[in-house]
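>>> model this:
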Amino acid sequence: MIAFLIKRLFHALLVMFVISIIAFSIQDNLGDPIQQMVGQSVPESEREALREELGLNDPFLVQYLRFARNAAQLDFGYSYIFNEPTTEVVLRHLPATLELVAATTLLIVLLSVPIGVYSAIKPRALLSRFFMGVSIVGISIPVFLTAIVLIQLFAIGVTWSPFPADTGWGSWLNGLLSTEGGMPAYGRGDPVHVFGTWYTNFASLDGLVYLVLPAISLASIMLPLFIRLIRAEMLEVLQSEYVKFARAKGIRLRRIYFLHALKNTMLPVITVGGVQIGTLVAYTILTETVFQWPGMGLMFLNAINRSDIPLIVTYLMIVGLIFVITNTLVDLIYGLVNPTVKLTGKPA
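The predicted structure is shown next:
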């Protein structure tokens, strides 16, 4: 275990180094931060003085070594936009993104496992075919379009009256096809303060309501993938010899499905899930932009638009760290679920 953690620590440092190099390499193509800071009316002499003060005229290697020396002390520089340390800016926006990803992950797990298992147990059932058809549509629709549709249906509302409204059945069907809207679709509302910069939406009913539409939108791109993955793995496991032997012994089907088959089905799902959960952090950029959710994705987009290079680099490194931590946890969970796997890579 210690050797595994040391190896992961080395990988984390390597990932951070590569990310920082890439981010600094593209900084000249992100625009002029001085123009974003001072505007058009400031004389060129003052701009050059500010550029010298910030060290933007230094060679790339000098700028990077200065950044690396400060980063070793957890100092990633000052944000040009907020005029405060980038770590404080990121930590202020991080809770919103983590809560959105957590709500999305919970939604994916609660829906994908039962739907995927049911579709594998009864692949020819009408409901299973419906789930598979919807999953294809879900994979095909981009997340921002799903977000816009959800806002139109449940925040703004839709009135559709294709049936005669002067009849009882027509009025009922028109009401069934229409939505009143009213759900919140902008920002986080009034989250509850926990400590420091952490504000949570999980502590109140109003906060949970604000999470509903963004979480559904973000889950729409991953949920179909997990449903089809669980179904495919479950179908393969159900054809294995030990499942046939368990059926021949007369073990209850529920025990076979949810104890023996599902456990082995989840092994590849855990591996893929760890990577995809990390990817959700990247997908939040679109979701947070549409819903104006004040998380790291919206912050990152604003940093790009205003050429806030220190904030961009800090964001990329934090996201890289989240990927490393997620993959490490997935390896640990994989070892617990399947004891025959050694974390050190040696055969069991």
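
>>> in the stretch 51-200 of the chain, which spans are helices?
Shown for the stretch 51-200 of the chain, the helices assigned by DSSP state H, counting those that start in this stretch span residues 60-71, 86-121, 126-140, 143-150, 168-177.

>>> hey, which of those is tucked in deepest?
Each of those was scored by mean neighbour count; the highest is helix 86-121, a mean of 20, by mean count of other CB atoms under 10 Å. To be clear about C-beta, it is placed using only N, CA and C from the backbone, and glycine gets the same treatment.

>>> kindly calculate the angle that that helix makes with helix 126-140.
Inter-element angle recorded for helix 86-121 and helix 126-140: 150 degrees (by axes from the mean of the first three to the mean of the last three CA atoms, to 10 degrees).

>>> who are the packing partners of helix 86-121?
Helix 86-121 makes packing contacts with helix 126-140, strand 198-200, helix 205-219, helix 223-238, helix 262-291, helix 296-305, helix 309-337 when contacts are defined by 3 or more CB pairs under 8 Å, 6 or more residues apart in numbering; DSSP states H and E.

>>> adding distance to P114, write those out as a markdown table.
Output for these, formatted as a markdown table (distance: least, CB to CB, whole Å):
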| stretch | distance to P114 |
| --- | --- |
| helix 126-140 | 10 |
| strand 198-200 | 28 |
| helix 205-219 | 15 |
| helix 223-238 | 9 |
| helix 262-291 | 10 |
| helix 296-305 | 30 |
| helix 309-337 | 19 |
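
>>> which stretch among these comes nearest S79?
Closest approach to S79 among the helices and strands packed on helix 86-121 (CB to CB): helix 309-337, 4.5 Å.

>>> and that closest one, what's its mean pLDDT?
Computed over helix 309-337, the mean pLDDT rounds to 80.

>>> how about stretch 117-135?
Stretch 117-135 shows a mean pLDDT of 90.

>>> how far does that stretch sit from its chain's centre?
Put simply, stretch 117-135 sits 26 Å off its chain's centre (CA atoms, centre = their mean, to the nearest Å).

>>> mind exporting that stretch as CSV, just the C-alpha atoms?
Extracted in CSV, the C-alpha atoms of stretch 117-135 (Å, rounded to 0.1, in the frame of the first residue of the first chain):
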residue,chain,number,x,y,z
VAL,A,117,-29.6,-4.6,-14.4
TYR,A,118,-33.3,-4.7,-15.4
SER,A,119,-32.4,-4.3,-19.1
ALA,A,120,-29.9,-7.2,-18.8
ILE,A,121,-32.3,-9.5,-16.9
LYS,A,122,-35.2,-8.8,-19.3
PRO,A,123,-33.5,-7.7,-22.6
ARG,A,124,-36.6,-8.3,-24.7
ALA,A,125,-39.1,-6.5,-22.4
LEU,A,126,-40.8,-3.4,-23.8
LEU,A,127,-39.5,-1.3,-21.0
SER,A,128,-35.9,-2.4,-21.6
ARG,A,129,-36.1,-1.5,-25.3
PHE,A,130,-37.5,1.9,-24.2
PHE,A,131,-34.6,2.5,-21.9
MET,A,132,-32.1,1.5,-24.6
GLY,A,133,-33.8,3.8,-27.2
VAL,A,134,-33.8,6.8,-24.7
SER,A,135,-30.1,6.1,-23.9
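
>>> from now on call the first residue 52
Shifting the count to begin at 52 puts that one at stretch 168-186.

>>> outside of it, which residues touch it?
Contact partners of stretch 168-186, identified using CB atoms under 8 Å, 6 or more residues apart in numbering, comprise 166, 274-275, 278-279, 281-283, 285-286, 289, 308-309, 313, 316.

>>> which one of the residues you listed is nearest P361?
Distances from P361 to those, taken by CB to CB, are shortest for L274, at 35.7 Å.

>>> is that closest one in contact with V160, as I believe?
No: taking CB atoms under 8 Å as the definition, L274 is not a contact partner of V160, at 9.7 Å.
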